[in-house]
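Peer 1: Give me coordinates for this.
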Amino acid sequence: MVNYPSRLSLACVPTPFHCLERLSARLNGPRIWIKRDDLTGCVSSGNKVRKLEFILAQAVTSGCDTLITAGGTQSNHCRAVAISGAQLGLKVHLLLRSDVDADPVGNLFIDLLSGATINHYTPEEYSNLESLFAHWSSHYLDLGATPWVIPVGGSNAAGMWGYIAAAEELKHDFQAANINPGIIIHATGSGGTQAGLIAGVKLHNLDLCVHGYAVCDNATYFDDKIRTDLATWKHEYSVDIDVDLLPVITNDKYLGPGYGRAGPEVFDTIRMLAAEEGVILDPVYSGKAFYGMLEEIKSGRYANEKDIVFLHTGGIFGLLAQQQQLQF
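Peer 2: Model (predicted):
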């Protein structure tokens with residue numbers, strides 16, 4: 001029995017879980033099952049909402065009235081914080097890295113629509129993010145407000161609980177489908193979802209390996225980041241497991257041109273899955289990971305697996321911001 005910390009009810013869970021029958025048959029490999037965490041909500045959809053249930057529970061308990069967080073111009077995390085903050089009656093201030101043009105489309109459109117305060121910073125300015133967090137925290141304290149800083153991607157010890165709980169949900173999904181998959185694959189960007197799943201698989205006694213497919217940085221970075229997150233989580237919550245023994249497996253072969261940018265093969269994958277299975281991916285996260293998974297299946301990497309699971313972490317607003325890349 002896992003003792004969870006306090007949480008808010010923000011996500012629409014459990015999310016659907018089903019097999020991609022037509023695609024699996026065509027590939028003649030393992031059956032591909034999909035966990036639809038793109039359906040955790042409406043405008044607050046995606047994996048970030050699961051994390052925010054625990055992060056914002058801490059914030060609300062502390063008496064916070066202002067949320068401060070950061071990410072790229074088209075950050076799914078920032079959009080989820082903006083909407084969740086509006087739902088809770090909290091002010092939201094977003095510090096956005098100007099990695100793409102700040103056109104009011106996609107996630108940025110939702111940020112603006114929700115009434116979030118936004119500051120845009122050059123990549124050089126954004127590299128001093130901790131100083132920016134400290135500056136704006138002091139600013140709101142001087143105004144008599146109570147700010148709460150949320151790290152990029154909601155990737156902290158509290159946020160990990162979102163995917164520890166998701167692992168428990170997956171356990172029920174597997175029982176209902178009468179399957180025993182050996183691999184779960186997902187896009188990894190800030191490492192929090194991957195860390196949570198790794199811990200959740202252990203806590204819920206799932207015979208399952210977590211494979212993160214990197215959309216930025218390399219496998220060494222994620223090994224360091226996730227092991228640090230696991231150690232911090234163990235310390236903060238006094239968890240009685242040896243996190244040093246937990247495997248961290250990250251595939252960094254499918255980064256493409258870099259974070260937020262995808263090659264034509266990813267857009268072809270997005271188009272294919274939408275037409276074949278009615279599932280919409282995005283070019284920043286899920287599209288890259290799904291393309292990478294398909295390539296690995298074709299190479300025979302998962303030939304010994306009967307069933308594998310793809311965790312769809314959402315990101316449709318990121319696709320809408322790049323729809324010009326799809327020619328019709």
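Peer 1: And stretch 307-326, how far out from the chain middle?
Peer 2: On the basis of C-alpha atoms, centre = their mean, to the nearest Å, stretch 307-326 is displaced by 12 Å from the centre of the chain it belongs to.
Peer 1: try stretch 24-42
Peer 2: Distance, centroid of stretch 24-42 to centroid of chain: 16 Å (C-alpha atoms, centre = their mean).
Peer 1: in that stretch, what's buried?
Peer 2: By neighbour count on 16 or more other C-beta atoms under 10 Å, the buried set for stretch 24-42 is 24, 29-41. (Each C-beta comes from the backbone N, C-alpha and C, glycine too.)
Peer 1: Kindly indicate which of those lies nearest Gly72.
Peer 2: Nearest to Gly72 among these is Asp38, at 18.8 Å by C-beta to C-beta.
Peer 1: Excluding chain neighbours, what is closest to the closest one?
Peer 2: Using C-beta to C-beta, 6 or more residues apart in numbering and skipping the chain neighbours, the partner closest in space to Asp38 is Gly314 (4.0 Å).
Peer 1: Generate CSV for the buried residues of stretch 24-42, with pLDDT and secondary structure as supplementary columns.
Peer 2: Shown next, in CSV, are the buried residues of stretch 24-42 (pLDDT from 0 to 100; DSSP: H, G, I helix; E, B strand; the rest coil):
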residue, pLDDT, secondary structure
Ser24, 97, helix
Gly29, 93, coil
Pro30, 97, coil
Arg31, 98, strand
Ile32, 98, strand
Trp33, 98, strand
Ile34, 98, strand
Lys35, 98, strand
Arg36, 98, strand
Asp37, 98, helix
Asp38, 98, helix
Leu39, 97, helix
Thr40, 97, coil
Gly41, 93, coil
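Peer 1: I'd like the residues you listed as JSON lines, with distance to Ile183 appended.
Peer 2: JSON lines is the format used below for the buried residues of stretch 24-42 (distance: C-beta to C-beta, whole Å):
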{"residue": "Ser24", "distance to Ile183": "14"}
{"residue": "Gly29", "distance to Ile183": "12"}
{"residue": "Pro30", "distance to Ile183": "8"}
{"residue": "Arg31", "distance to Ile183": "12"}
{"residue": "Ile32", "distance to Ile183": "10"}
{"residue": "Trp33", "distance to Ile183": "10"}
{"residue": "Ile34", "distance to Ile183": "13"}
{"residue": "Lys35", "distance to Ile183": "13"}
{"residue": "Arg36", "distance to Ile183": "18"}
{"residue": "Asp37", "distance to Ile183": "17"}
{"residue": "Asp38", "distance to Ile183": "20"}
{"residue": "Leu39", "distance to Ile183": "22"}
{"residue": "Thr40", "distance to Ile183": "22"}
{"residue": "Gly41", "distance to Ile183": "27"}
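Peer 1: Now do the most centrally placed residue in the chain against Arg36, distance only.
Peer 2: Centroid-nearest residue in the chain: Asn47, 4.4 Å away (criterion: C-alpha atoms, centre = their mean). Distance of Asn47 to Arg36, given as C-beta to C-beta, to the nearest Å: 11 Å.
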